[in-house]
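[1] Quick one: sequence and predicted model below, then my questions.
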Amino acid sequence: MFFADLSPGATSTLTGFNVNLTTLAAVPEPVTLALVTFAAMLLALTVLKWAWQMKK
């Protein structure tokens, strides 16, 4: 967020500011999503390798 006083003589004054974050939904961190994706891929590869070895 960026605020700038663009009036001549710097006469503007910010008298109040409020942010309400209680209505926002929780967003997972990208690292968590990446770790879950990596774990799922590793599990899938392990299952495929096991199935391929059982086929022989």
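    Arrived safely, thanks for sending.
[2] Return the distance of Gln53 relative to Leu45.
    Using C-beta to C-beta, to the nearest Å, Gln53 is found at 13 Å from Leu45. To be clear about C-beta, it is placed using only N, CA and C from the backbone, and glycine gets the same treatment.
[3] From the centroid of this protein, which residue is nearest?
    Central residue of the chain (C-alpha atoms, centre = their mean): Glu29, 4.0 Å from the mean position.
[4] where along the chain do the helices fall?
    30-55 (DSSP state H).
[5] So for the residue nearest to the centre of the chain, what's the pLDDT?
    Predicted confidence (pLDDT) at Glu29: the value is 75.
[6] Roughly how far does it sit from Leu35?
    Counting by C-beta to C-beta - Glu29 and Leu35 are separated by 9 Å.
[7] ok, now Lys49?
    21 Å.
[8] Over to Leu45?
    For Leu45, the distance to Leu35 - C-beta to C-beta - is 16 Å.
[9] Point out where this protein drops to low pLDDT.
    Residue ranges of the chain with pLDDT under 70: 10, 12, 23-25, 28.
[10] Now with 90, please.
    Low-confidence segments of the chain (pLDDT under 90): 1-30, 32-33, 54-56.
[11] gap between stretch 39-56 and the chain center?
    With C-alpha atoms, centre = their mean, to the nearest Å as the basis, stretch 39-56 stands 30 Å off its chain's centre.
[12] Mind listing what's buried along it?
    Residues of stretch 39-56 include none that count as buried (16 or more other C-beta atoms under 10 Å).
[13] what's next to that stretch, contact-wise?
    Stretch 39-56 is touched from outside by no residue, with contacts defined as C-beta atoms under 8 Å, 6 or more residues apart in numbering.
[14] First-to-last residue distance for stretch 20-36?
    31 Å (C-alpha to C-alpha, to the nearest Å).
[15] Now do it: distance to the chain's middle.
    The mean C-alpha position of stretch 20-36 is separated from the chain mean by 5 Å, C-alpha atoms, centre = their mean.
[16] How about stretch 9-18?
    Remark: stretch 9-18 is offset 32 Å from the chain centroid, using C-alpha atoms, centre = their mean.
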